[in-house]
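Novice: what's the 3D shape of this:
(one chain, ligands or ions: 1)
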Amino acid sequence: MTKDYYKILDIPEFSTTEDIKNAYRKLARKWHPDVAGNSDEVIARFKDINEAYEILSDKVKKANYDKARKFYNYSASDRSTQTKTYNTNTTNPNHNNYKETYHTKENDKKTSFWEDIFKSHKHDEIKSPKRGEDIYSDVEISVFEAVNGTEKVINMLQTQICPNCGGRKFVNGNKCSHCKGKGEISAYKRFKVKIPAGIKHLSKIRLAEEGEKGQNGGRNGDLYLTIHIREPKNYKTDGLNILKTIQIQPTDAVLGGEVTVATLIGNVSLKISPNTKNGQKIRLSGCGIKQNNKVGDMIVTVEIQIPQDLSEEEISLYRKLRQLRERGVSN
Ligand SMILES: [Zn+2]
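Specialist: Next up, the predicted model:
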């Protein structure tokens, strides 16, 4: 036994079923390759998390695992003392003999562990049908994909019948090497998911029976995908309209001017009329989101920005402006 499933799920040994499930869901979401990327490290981590949950969520498997773990921890400390002895006796002519004995011992341990797990599987077979677990995952889409609808390809790690032994656990009387006698393997399944146009943030899409495999003829679990609409950085949307705020100089607000605005169809030159007020809205028609034959507008809100880096000369001109203003008001 090489993996500490409790460590993998980051939970104490005496966690409740609910705690185990919560820890699993949190980590599975975080380390899902669709979210965390497709690096080898992420995939390995995600596999470990699923494997840990598969064992710890099953009463019988967990009991066997706990037993094997205790035994392993005990023999691991035992082993370290042996290694020490070995290191201080590097010239020992029995060196090779010792190594061999050690490995055989290790193999024995492994076999007995797998036999324990294996027994628990056999035990499962005489039980009544058990429905597979539901799987939860997240899919992130852009605002435009949400408006127009889209199709996403996602990869989900699932328990599948071992293709080598067909779930029989043995091949020609030997334990199947592909699934190590479990009869099933964890493998990725590709899904093409249709996301309908107009979908809302945090909507759920259910793929019936695409969750974990049912046992003993039980129904498969379902796969639930939560849709996350990415919040755009520089604008908001309202239906097909795009809402954007731009900053203009006080001089442009007073005298009028021209500013460049980035839209979906490229940069557009926006005319600021003289005497534009703070918060004033300007509509750029046809610069919104296109859907079917309709197209929205871009609605630009003008924000007058006070420059923070005024030169001495500008400040003196502002003083002059104030004097002129005060004189004008008193007249
Ligand atoms: Zn197999």
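Novice: Report the next helix or strand after the helix or strand bottoming out on mean pLDDT in the chain in sequence order.
Specialist: The weakest-scoring helix or strand in the chain, judged by mean pLDDT, DSSP states H and E, is helix 95-125 (a mean of 43). Next in sequence after helix 95-125, counting helices and strands by DSSP states H and E, comes strand 135-141.
Novice: Quick check: which element contains the closest residue to the ion within the stretch 201-331 of the chain?
Specialist: Residue of the stretch 201-331 of the chain nearest the ion, by C-beta to the ion: residue 213 (14.3 Å). (C-beta placed from N, C-alpha, C; glycine too.) Taking DSSP H and E as the definition, one finds residue 213 inside no helix or strand.
Novice: Any idea how many residues pack against it?
Specialist: Residue 213 has 18 neighbours, counted by other C-beta atoms under 10 Å.
Novice: Assess the claim that it and residue 158 are in contact.
Specialist: Yes - the pair residue 213 / residue 158 is scored as a contact, 7.4 Å apart, by C-beta atoms under 8 Å.
Novice: who are the neighbours in contact with residue 139?
Specialist: 34, 152, 154, 193, 195, 205, 225, 226, 227, 228 (C-beta atoms under 8 Å, 6 or more residues apart in numbering).
Novice: Can you go through the residues you listed and name the buried ones?
Specialist: 34, 152, 154, 193, 195, 205, 225, 227 (16 or more other C-beta atoms under 10 Å).
Novice: Among those, find the lowest-pLDDT one for me.
Specialist: Minimum pLDDT for the buried ones among the contacts of residue 139 is recorded at residue 34 (75).
Novice: circling back to that earlier point, list just the nearest of the buried ones among the contacts of residue 139 to residue 265.
Specialist: Nearest to residue 265, judged by C-beta to C-beta, of these is residue 195 at 24.5 Å.
Novice: Nearest spatial neighbour of the most centrally placed residue in the chain, chain-adjacent residues omitted?
Specialist: Against the mean C-alpha coordinate of the chain, by C-alpha atoms, centre = their mean, the closest residue is residue 35 at 3.0 Å. With C-beta to C-beta, 6 or more residues apart in numbering as the criterion, residue 35 has its nearest non-adjacent residue at 6.2 Å, and that residue is residue 138.
Novice: in what helix or strand does the residue nearest to residue 202 when sequence neighbours are not counted lie?
Specialist: Distances taken as C-beta to C-beta, 6+ apart put residue 226 closest to residue 202, at 6.1 Å, once the chain neighbours are dropped. In the assignment (DSSP H and E), residue 226 maps to strand 223-229.
Novice: who's in contact with that strand?
Specialist: For strand 223-229, the surrounding residues in contact (C-beta under 8 Å, 6+ apart) are 134-143, 146, 154, 156, 191, 193, 195, 199-207, 210-211.
Novice: For this structure, what lies in contact range of the ion?
Specialist: 162, 164, 165, 176, 178, 179 (C-beta under 5 Å from the ion).
Novice: redo that, cut-off 8 Å
Specialist: Contact residues (C-beta under 8 Å from the ion) of the chain with the ion: 162-169, 171, 176-185.
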